[in-house]
Structure formats: C-alpha cells, structure tokens
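> Fold the following and give me the result.
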Amino acid sequence: MSNSVRKVVIPAAGLGTRFLPATKAMPKEMLPVVDKPAIQYVVEEAVDAGLSDVLMIIGRNKNALANHFDRVTELELNLKRKGDHDHLEQVEEASDLADIHFLRQGDPLGLGHAVLRARRHIGNEPFAVMLGDDLIDARDPLLSKMIEEQGKRQATIIALMEVAPEAISLYGAAAVEPTEDPQVVRVTGLVEKPAVEDAPSNLAIIGRYVLRPEVFGILEHTKPGKGGEIQLTDALQELAADEEIAGGVYGVIFTGRRYDTGDRADYIKAIVQLAVDREDLGRELKPWLKDFVAGLAD
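Take a look at the predicted model:
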C-alpha cells in the first residue's frame, strides 16, 4: 500500500431536495456561494492540501458539474476580445484547478456506496473524502492536518467538531479517548444520528475523511443502515472497533470556521459570512448589515 495521500473523492450524487425548486434543473453543488459554486470551494481546498487528482461521484442530471470545470472556448475568446481579464482569469482558474474525473453512482444507496464506487480509481492507497455541504474556510486549514496525522499514525482519520448537544442527532457522533495531541483523539465508537440522550458525546463528524483502502472491503459487506442507505459511519465504526484491521480511527478536532451549505438558512449565513470578509464586498456590506439589523430591532 502506498503511504501518500494523492487522491480525493467528492460524492455529488444527491438530489438536493431541500433546495427545490432551485435544484430541479441545477445540481445543489452548483448553487453559488457569493460568486463561485459551492463545489469549487471544495476542490480548491483539496488542491491547497496537495491533492490534485479528484474523482466526483455524480448522479443523473449532474452534467453542469463537468461543464463548470471544463474549458468554454467561446466564453474565453469573448472575454479576451472585451479585455475583461479579471473574469477571464476566474473562468480559466476553474478549468485549471485539478485533474477532475467523473463517475456515475448508479443506484442512490448512500454515502458508503458512493465511496465504494471509487474503489477502482483509488486502488490500494489512502485517500480523502470531502462532502460538498461542508465548506471549510481557507484561513483555517483542516485537510492538511488530517493528511499529516494519517501519515503519522497509518490510520483512518475523520474530522470532528463540537456542536450544541441538542443538535448532535443531525450528525454522526463519536465516542473518543484523548491522545498526546490535544487536537487529536482516538475514536472508540461511532453512532449515526443518535437520539440526544443516546449520543456518546457532542463531537460531530463533519464532512472530511482520510481513509485507508481497507474501508472498501468493509463497505462491500456493510448492510443498509439509517434511511435504508449504506452508511460510511457504520463502516468506520467497524474500523474503530478493531485497530488490528487498519490501525483504528482517529479524529482531528476542528475549531475553525465552517460553513454548512446543506441547510437553507445556514446556506444564506455562509454567503453573508464569506462576503463580509472579502475586500471587494465587505466595505459596502458591513454598514448596510448594521443598518439592516438595527431596523430589525424596532
């Protein structure tokens, strides 16, 4: 088995029903966050962590994803003729980001099944999985730390974040033990979307994983779990229960800025937060937001 992480899998086959009717004809991953689709932020994060081989697992009617990262010669020529170099640079940047491949999931059997579909592309080496609903602020790198820990411990690494105890039923929850690094814990158990009273902690799994290839063999015999889908969390629980399989599971606790774009209200908050921090938009938005919020108090 190769010890270096070079490839990343981005599952993008979901229907995006929470954003209907906007997602009737547009993939949810293409919804704009300020002026870039959400999926581009995820690919940029992967590239910043040194991963330039990207496999997107897609479903039907997801051609817009491939089109976004492809060259659009007519558009580029038009921008050149107009002398619009800023927009030309932005368009070309999306096309040049990474070596991006696309694979159909086929049957919509859940995240675990989507990851299993990547087996032939990944081969016998560790790899990252990134979910497009979680955007991690570029100023608070997470994936690079996870890759570093994977190389050090030769184990499966997941990202964890403290959430309000009453919100843990929306996530997979982890039972953990401390390690010599306060930012890293050993995961002893995982539960997918537990009832609040049954949650082992308020440490929630967020959408970043660095997995060993042994996970594929486990996913092959993982039975459908919550929602009738093959849950990646169930496979990770098997890895956590027996360190002899593949070195166990460890969690990197993330305390930085994360934007949840999978929920309508949080999606709007993500846009506002990212726009306010931008030099080209913040100067205009900040005073407007202050006046807007003051008006709400009346």
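> Other residues contacting stretch 257-276?
18-19, 31, 33-34, 38, 132-137, 139-140, 161, 206, 281-282, 285-286, 289 (Cβ atoms under 8 Å, 6 or more residues apart in numbering). Where C-beta positions appear, they are placed from N, C-alpha and C, glycine not excepted.
> Can you give me the buried ones in stretch 189-198?
Neighbour counts using 16 or more other Cβ atoms under 10 Å place L190, V191, E192, K193, P194 of stretch 189-198 among the buried residues.
> from the middle of its chain, how far away would that stretch be?
21 Å (Cα atoms, centre = their mean, to the nearest Å).
> can you pull the alpha-carbon coordinates of that stretch into CSV?
Provided in CSV are the C-alpha atoms of stretch 189-198 (Å, rounded to 0.1, in the frame of the first residue of the first chain):
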residue,chain,number,x,y,z
GLY,A,189,-17.2,4.2,18.7
LEU,A,190,-19.5,6.0,16.2
VAL,A,191,-23.2,6.4,16.0
GLU,A,192,-25.1,7.8,13.0
LYS,A,193,-27.6,10.5,14.0
PRO,A,194,-28.3,9.3,17.6
ALA,A,195,-31.1,10.5,19.8
VAL,A,196,-29.8,13.3,22.0
GLU,A,197,-29.9,11.0,25.1
ASP,A,198,-28.0,8.2,23.4
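> what about this protein, any weak spots by pLDDT?
1-3, 298 (pLDDT under 70).
> Break down it into its helices, ranges please.
With helices called from DSSP state H, the chain shows them at 38-48, 63-69, 73-82, 85-96, 111-116, 119-122, 143-153, 214-220, 232-241, 243-246, 264-276, 279-296.
> of these, which approaches N202 most closely?
Smallest distance to N202 across the helices of the chain (Cβ to Cβ): 16.1 Å, for helix 232-241.
> How about residues contacting the closest one?
With Cβ under 8 Å, 6+ apart as the test, helix 232-241 has contacts from 110-112, 115, 129, 156, 158, 172, 187-192, 205, 209, 212, 214-215, 218-219, 222-223, 225, 245-246, 248-249.
> Show me which of these are buried.
Of the contacts of helix 232-241, these count as buried by 16+ other Cβ under 10 Å: 110-112, 115, 129, 156, 158, 172, 187-188, 190-192, 205, 209, 212, 214-215, 218-219, 222, 225, 245-246, 248-249.
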